[in-house]
Structure formats: C-alpha cells, structure tokens
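Participant: Here is a sequence with its predicted model. Questions after.
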Amino acid sequence: MDCIEPDISSHQQECQSPKASSVEKSQEQEVAIGLVIDCENKYQSPNASFVDKSQLEITDEECQTPKVSSVNKCEMDVDDLQLGSQSPDGSSEDLSGADAADVAIKDEEGVYLVPEVGMEFASEDHAYKCYSRYAVLEGFSIRKDFINKSRINGEVVSRRYTCYRQGYRPSRQNTNSRKPRQETRTGCLAHMTIARQPNGKFRVSHFERKHNHEFVTPCTAHMLPSQKRLTFAEAVEADLADNSGMDGVPKLGMGFDSEDHAYEFYNGYAGRVGFSVRKDYVNRSKIDGVVASRRFTCFREGFRLRDKRDMNVKRPRKETRIGCLAQLVISRQPDGKYRVTHFEEKHNHELVAPCRVHMLRSQKRLLAAQVMEEDLKDGSNIRPRSASELLCKTLKDCDDLSYDPIDYKNKLPSNRSREMRDGEAEKMLQYFQQKQVKNPSFFYAMQPDADDRITNVFWADAKMVMDFNDFGDIVCFDTTYRLHKDYRPFAPFIGINHHKQMVIFGAALLYDETVESYKWLFQTFTEAMSGKKPKTILTDQDATITEAINLGFPETQHRMCAWHVYQNALKQLSYIFVGSNSFVTDLSHCFFHYEEEEDFANGWKAMLDMYGLWENEWLYQIYEDRKKWAIPFERHVFSADIKSALLSECFSANLRKYLKPESDVLPLLKYLAKVVNDWHYKELEANYDMNQRPPKLMGDSILLKHARDIYTPQIFELLQQEFETSLNIIVNQCTQSGTLFEYKVSIYGQQREYTVTFDSSDETVSCSCMKFEFAGVLCSHALKVLDYRNIKILPPQYILKRWTKDARV
C-alpha cells in the first residue's frame, strides 16, 4: 500500500500489524523524502490501470487495515526509490524518482479507494464512498444490494455493494414493446461486502474485483450513476459551505425553497442569457402528491411530433423545436428543499439578442407577473386589456430593457421630404409588434424626423437574417421605386443564393432621401445583421447614396448596378422601342451580353448607328460613366453574377400594384412576407431536386464528376459549359520564371488571346478575363491550363462555399 506519510511516529498509534517485518529508517530521511511506501501490499486490478490511482491518498482516522506494521508498512530506499506494481496482465511496472512520489491511495476526503479484505471503515457511508470512488477510477458504477439489520435495535449488520451490471433483468411478458430498453445487467459478480464489528466499525468481509464486461472510458466516467451521486453530494456540501449566496448562474447542488423558486431563478437566468424556459416533465410522490422532481428545458427542446394532417397544410407552422439539450433538473431532498441534480448549459442554436428578450414567452410571463405585483402594491385595480397594452406597459416600466424600435437618438435634423398617409405609421408599428410577438427574432426600427414623425422604416425577419449570414457577400440595394415619383418609397436589400435564386435580406420605406436617412438605414441594416457587412454592394447611380455608403460601409466595394441602369434606360428611351420590336433586345444585349471591353464598345456603337441615337444626351452620359456599371469593367469586383437573377425574376413588376400611392401599406408588408416564404419554398424544391436528380455529365471526366458532387446543379452547369469550351482552346505560348508559368491561350480559329498565369508552388491560377474574380467560377482558359498541367480536380481555393451544396452548413 502506498501512502504519503511525513510523520511515522503519529502513524504508529493509528495503524498496527503484528505479522509485518520491521526495517529501521532514520527520521531525517523520512522528513526529507516525505513519502513512505508499502511494498508488501500491491494493489491489483484486472481491468484498470495503476496510474489512474496515482493522485489518491488515504487518512487513517476513518479506516484501518490489519496485519500491517506501522514501522515497516512503507519501505523505501533513498538511493534506490522504486515501486513494484502488478499490472492487469500480470506484468510488473516500476516507478522511480518523481513517479513514485506521485503514488498515493488517499483522496482529499481521506477515504480508501482500493478496498481489500480486512479493511475497516468508520461507518457504512464511508465504506460506500470508498467503493464508489474506486469504481469510478476503474470505470464502472456500483449499486447498493442487500442489507441485513439487527432485529434488536435495527442497526445495519452487514451490507453488500455490487457492480451495476450485477444480476439479470427479470423477464417480462410484454415482448411487443416497440422500443425495448437496452440490456445493462450481464450477471457481473464483482462486489464488496462489509460486516459490522464489535467496536462499531465496518470491516470488508469479502471483495470480488473481477468483472465480466468492459469498463467505460475516462471521458464518459462522469455519466456513471454512482459518479453522479458522488458529484451531487460534493456539490451539496459545497453549496452548504458557501455563504456568498447565488451569483445568478445555476450550479449542481444549488438549493431552493420551492419548485416555483427554482423556476423563477432559472427563468431569470434564461432572460439574461437569451432563451425561453419551458416546464417539462414532473414526478410526484404517490403518497402525498408532492413534486419529487421536475425538469425545466429550453423552449427549443425536443422535436415536433409528426401529424398526418400536416400533409395537406399549404403553409405549415414554423419549426421551433430543434432538439436543444439545455435544461435544469431539480429533485426534492429529505430536508424538503429542492436541489439541482443536473444542469446542461450549452445550446445548439443562437440565443436571442438582449433587445428582444422581453418578447420571449417565459419572459413575457415574468414581466406580466412583475406588472401585476407592482399594480397590487400601488393599489391599482386597472389591468391591461390586451397583450399589446401589457407589452407597452412593461416597456415603459422596466428600465433595464433598453429596446426601443423608434430611434430617437438618431432622428433627422429636418422634416421628412415625402408625406406619409394618415395612420400608416400606426398600422406598420402594430403589424411589426404582432410579428415580433410571434417570432422574437423579428427586427424592425423606425427613424423620426425633427417633428418626431415616423420617416424611415426598416425591417427584417429571421429568414432574411439567416439568408444574409449565408449569402450576404453581395447585396443589391434596389431603389427602382425612384423611377416613378408617385410610387411608395420601397427599397429592399436583395441577394442571390447558391441556386442563383433571389433572396431578400431586409426592406425599407424611405420618406426622406437625404444622406442622413441613407446613413441611418445602412447602420440599422448592419445592426440587424449582428455587425456583418457585405463585401460588395450594388446601387443606383446617385451621389447621395454613394456618400452614405462611404460613411456606412467604408470597407465595402461599391458598384453601380447594371440592372438599375438598364431599368432607367427603358424609361428614358421608351419612345424608341414603342415602334421597334428589336430595340429592347439590342439594348439588353449591350448591357448584359458582352464581357470584353472591345466587344462592348463595338456593340454600343452599332446600336447607336442602327437607331440613330448619336445625339441622345442621356446615352452619351451613361456611356461616359461605363466604367462604373458596365460588366466588362471592374471585373475584379465579385458580383456573383447577380444580374441574371435580377433579370429572371419579376419581383419589381409584381410589386407595382402595392407601391401605388392609393394602396394601403399593410398589403405591401404582407405580400413581401409571402414572397420571402415562396422563395424559401423554391429553395427547398431546388434542394430536393439537387439530391434526387443530379445533372448529366457531358463526358466521363474526373473534374466534372468531382465538381458535380460539390456544386449545386445551377453552378455545375456553368462550370460544365466552361469545361466544354476549354476543349476547343489551344495553348499558343508558355514562358517560365521560377515557379510562375505564363500561358497564352485562345479558342481554336479565333485571334483573341488570353493570358493565364499558373504558380506551381501552390497550384494557383489566374486569367486575364477575371471570370473567377467576377462570378466565382473558373473560366475555360484556366480549366485548360489546369488540364495542361495534369490537374484533374478543382483546387480547393477555387471552390467558393456559397456555390456549394453545403452553403448553409
């Protein structure tokens, strides 16, 4: 037996053994070493490692081991400090030097951890702790088995503790159970039996250490029932010893006077963290009906049960339960208090922002209770008639809730430039409040003018925020309403997902178009998106918007949107295409078809010649600013080819009837919510088709097979077109400078050459056409060079996650 014993004289009075031999050792050596080791008692475990016990100690006040001499119980040579330990397979292990100094068999509480026959304990509880700690180190749990009590005074005479896999589960007649319980008992014979001695102590009368099953790993040992009981007991002792009170965070062993007290504490903690609490299962005593245990869970715990009727529902309810495991479990103790027996802190979802915590269901109940309590104190018998009145009252009364959708801090210094219909502000505020009650993640903000009249409004629901988090690298700020002076000032933030489908990141109604208004809008948009900003933003040609973007998004690439310029051109040149069926086609060709500067210039001149537009001042000014909007220019700025999505969707056309000044504002808000839902449903359909019907390959190509497994079908078709074009590309010239190779390539039969640079050190490739920088997909020229270099799969640095099947993962 190994122990730490700096003082042998004190030890001689506590442990004695008549059959051990004596060896003399100087007191100076004992004090210098501070360690005494019993080489006669070698602790063995058939299935456990000896090193697991190296941190443990023993005190002799609670237990005694007979047949061990106090003088010769621990022997060590100062010059040759070695330990012989029996390993599970029978081989011996030597520990010397510092390793030996770490070996001990008592823990902080002074309970023996390696039982053996003849070991004595001060009480039955000490014996249970000893065997339980030993079991945890080995990797098994224990169970209290039979107990013999005296018929005279009822005291425990003998007790047996067994392995938790002892015996077998009784067979039951119900064999048709759908979910049979896992078999845990395997007939294990490992156990420890203690018997009461005349001196009142308990001695180990039998100890069986062999098991017929594997032990658990150290990383899962904390899940053993006996370990949970030990941990809980220690936590209770720590809670009783701690007089500092509660710090607001639940802890194992924490005590509460009642079940309601525990719920209020956990709900208060949830409000500070950012989630709602649901009351889950409850166990009641069969005798008096008192709550024996109760579990409080996160409001996103579990999963919604499937209902056959849901198959015919056109618009199913939003899924709110996602299997969150955060919970607090309390159990009634013999003293009548409720203590925390389990606390899981981690959540598998994002938490609600502090400004919207008051909208959570359990937090609203808490606020309502606080309001009612304050009314009773004030002697007021008037209660709020509706949830909205209660919400307004709580927002006004609670100083700790700083959330205010009307941004008075950043109100405009002047009056709004456009008038709002009477009652529209109140309708929007009520609509947004209802949306936020249903979903606390709904965000909205309003900016007043100098007279405190609502002027600018921004809103974004949870779906919009999620879309921006996944695809917010490119944003189009759509202000096409400005083409019609009478239209409602509706300005959405539009993006494109991995299926090249349109998504909305947020929307605004702007009744003022000053720099201060746009600056507030961009700052509010950033706040709604948790501080994330787009990499590229496309807007209409407007100096006010440009100045606001420089202030609100200083690190974002700003480009004029070719689609906006095209929409403006249709309005400015409407008198021309009235009598010509081909003008719109030719105009669209100039705006969106050309990718080379020379082709764009030639196509523009041909259009002017065909329709006699050389004297048109508007076209002249637009051509002068071509570098700000034309696709062949600034191709190093990533735009995700968003113009194709803007052209394919008729979003603005469908909105026109809702933007007319005589229309009400609520249909516009509801229609936008419907559009967002419809677009998300289209994405679900695209995801289903992506998994069920993969696109066809044009040939047996390793690169195409690899790309089809990664990209969505829409993006794969783009790459496959580039790959098909690369088959007709020839390499005209190659020059080398170190690891850099420069290739001149061209399509067979064409004169135009493209320069492709390849770095053999890291397999990076770049082309003068800049298609990858512009659209995020490698061009045919780069694919040709990769194939020329015998690179048969796409390098990972050229696979943008936003275009892959796992874009939302």
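Facilitator: Perfect, I can see it now.
Participant: Export only the CA atoms of stretch 223-237, formatted as CSV.
Facilitator: Extracted as CSV, the C-alpha positions of stretch 223-237 are listed here (Å, rounded to 0.1, in the frame of the first residue of the first chain):
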residue,chain,number,x,y,z
MET,A,223,-22.0,9.7,-16.7
LEU,A,224,-21.9,6.7,-14.3
PRO,A,225,-24.8,6.7,-11.8
SER,A,226,-22.5,6.3,-8.8
GLN,A,227,-20.3,9.1,-10.0
LYS,A,228,-23.3,11.4,-10.5
ARG,A,229,-24.3,10.6,-6.9
LEU,A,230,-20.9,11.4,-5.6
THR,A,231,-20.6,14.6,-7.6
PHE,A,232,-24.0,15.7,-6.4
ALA,A,233,-23.1,15.0,-2.8
GLU,A,234,-20.0,17.0,-3.1
ALA,A,235,-21.9,19.9,-4.8
VAL,A,236,-24.4,19.9,-2.0
GLU,A,237,-21.7,20.1,0.6
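Participant: List of residues touching it?
Facilitator: 129, 132-133, 135-136, 140-143, 164, 216, 221-222, 251-255, 339-341 (C-beta atoms under 8 Å, 6 or more residues apart in numbering). No exception for glycine: its C-beta is placed from N, CA and C like everyone else's.
Participant: Show me which positions of it end up buried.
Facilitator: When burial is assessed from 16 or more other C-beta atoms under 10 Å, stretch 223-237 yields the following buried residues: Leu224, Ser226, Gln227, Arg229, Leu230, Thr231, Phe232, Ala235, Val236.
Participant: Which of the helices or strands spans the third one?
Facilitator: I take that to be Gln227. If you go by DSSP states H and E, Gln227 is part of helix 225-241.
Participant: Give the other helices and strands that the helix or strand just after that helix contacts.
Facilitator: Next in sequence after helix 225-241, counting helices and strands by DSSP H and E, comes strand 255-256. In terms of contacts (3 or more C-beta pairs under 8 Å, 6 or more residues apart in numbering; DSSP states H and E), strand 255-256 is packed against strand 338-344.
Participant: Which of the residues in the strand it packs on are classified as buried?
Facilitator: Of the residues in strand 338-344, those with enough neighbours to count as buried (16+ other C-beta under 10 Å) are Tyr338, Arg339, Val340, Thr341, Phe343.
Participant: can you check stretch 465-483 too?
Facilitator: For stretch 465-483, a neighbour-count test (16+ other C-beta under 10 Å) marks 465-468, 470-481 as buried.
Participant: Distance-wise, check the residue nearest to Leu608 when sequence neighbours are not counted relative to Leu718.
Facilitator: On the basis of C-beta to C-beta, 6 or more residues apart in numbering, the spatially nearest residue to Leu608 that is not a chain neighbour turns out to be Trp614, at 5.2 Å. The gap separating Trp614 from Leu718 is 37 Å, by C-beta to C-beta, to the nearest Å.
Participant: can you check Tyr131 too?
Facilitator: The span separating Tyr131 from Leu718 equals 68 Å under the rule C-beta to C-beta.
Participant: and these two? which has more neighbours close in?
Facilitator: When Tyr131 is set against Leu718 and neighbours are counted by other C-beta atoms under 10 Å, the residue ahead is Tyr131, at 24 against 20.
Participant: Could I get the pLDDT score of the closest residue to Leu189 other than its chain neighbours?
Facilitator: Taking C-beta to C-beta, 6+ apart as the measure, Leu189 lies nearest to Glu208, with 5.6 Å between them; neighbours along the chain are not counted. Model confidence at Glu208, given as pLDDT, is 92.
Participant: Can you report phi and psi for Glu208?
Facilitator: Dihedral pair for Glu208: phi -110, psi 120, per degrees, to the nearest 10.
Participant: mind listing what it touches?
Facilitator: For Glu208, the contacting residues are Leu189, Ala190, His191, Met192, taking C-beta under 8 Å, 6+ apart as the criterion.
Participant: can we see that at 10 Å?
Facilitator: Thr162, Cys163, Cys188, Leu189, Ala190, His191, Met192, Thr193 (C-beta atoms under 10 Å, 6 or more residues apart in numbering).
Participant: Please apply the same query to Tyr164.
Facilitator: Taking C-beta under 10 Å, 6+ apart as the definition, contacts of Tyr164 comprise 135, 140-143, 184-185, 188, 190, 213, 224-226.
Participant: Let me have those residues in CSV, adding pLDDT, distance to Gln567 and secondary structure as columns.
Facilitator: What follows is those, written out as CSV (pLDDT from 0 to 100; distance: C-beta to C-beta, whole Å; DSSP: H, G, I helix; E, B strand; the rest coil):
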residue, pLDDT, distance to Gln567, secondary structure
Ala135, 87, 75, helix
Phe140, 89, 74, coil
Ser141, 88, 71, coil
Ile142, 89, 77, strand
Arg143, 88, 77, strand
Thr184, 81, 70, coil
Arg185, 86, 75, coil
Cys188, 93, 78, coil
Ala190, 93, 81, coil
His213, 89, 74, coil
Leu224, 77, 68, coil
Pro225, 76, 69, helix
Ser226, 70, 73, helix
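Participant: And what about Glu662, helix, strand or coil?
Facilitator: Secondary structure for Glu662, judged by DSSP: H, G, I helix; E, B strand; the rest coil, is coil.
Participant: Isn't Lys279 up against Thr297?
Facilitator: Yes - under the criterion of C-beta atoms under 10 Å, Lys279 lies in contact with Thr297, with a separation of 8.1 Å.
Participant: Next, find the distance separating the nearest residue to Tyr431 once chain neighbours are set aside from Gly472.
Facilitator: If the residues on either side of it in the chain are set aside, Tyr431 comes closest to Leu669, at 5.7 Å by C-beta to C-beta, 6+ apart. As defined by C-beta to C-beta, Leu669 lies at a distance of 22 Å from Gly472.
Participant: With Asp609 instead?
Facilitator: Using C-beta to C-beta, one obtains 42 Å as the distance from Asp609 to Gly472.
Participant: Now do the same contact list for the residue nearest to Leu608.
Facilitator: Applying C-beta under 10 Å, 6+ apart, one finds that Trp614 lies in contact with Lys605, Leu608, Tyr620.
Participant: Including neighbour count and distance to Glu124, could these go into JSON lines?
Facilitator: Supplementary listing: the contacts of Trp614 in JSON lines, determined by neighbours: other C-beta atoms under 10 Å; distance: C-beta to C-beta, whole Å:
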{"residue": "Lys605", "neighbour count": "13", "distance to Glu124": "102"}
{"residue": "Leu608", "neighbour count": "17", "distance to Glu124": "103"}
{"residue": "Tyr620", "neighbour count": "12", "distance to Glu124": "101"}
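Participant: and Glu597, how many residues sit next to it?
Facilitator: Under the neighbour criterion other C-beta under 10 Å, Glu597 is assigned a count of 15.
Participant: So it sits against Arg752, correct?
Facilitator: No - here Glu597 lies out of contact with Arg752, judged by C-beta under 10 Å, at a distance of 11.8 Å.
Participant: follow-up on the earlier one: which of the buried residues of stretch 465-483 fall within helices?
Facilitator: Secondary structure assignment (DSSP state H) places Val465, Met466, Asp467, Phe468, Asp470, Phe471 from these within helices.
Participant: So which residues make contact with the host helix or strand of Lys744?
Facilitator: Using DSSP H and E, the element containing Lys744 is strand 740-747. Applying C-beta under 10 Å, 6+ apart, the external contacts of strand 740-747 come out as 725-726, 728-736, 752-761, 764-765, 767-768, 780-782, 784-785, 788-789.
Participant: distance of the residue nearest to Ser663 when sequence neighbours are not counted from Asp461?
Facilitator: In this structure, Ser663 finds its nearest non-sequential neighbour in Lys657, 6.9 Å apart by C-beta to C-beta, 6+ apart. Spatial separation of Lys657 from Asp461 under the definition C-beta to C-beta is 23 Å.
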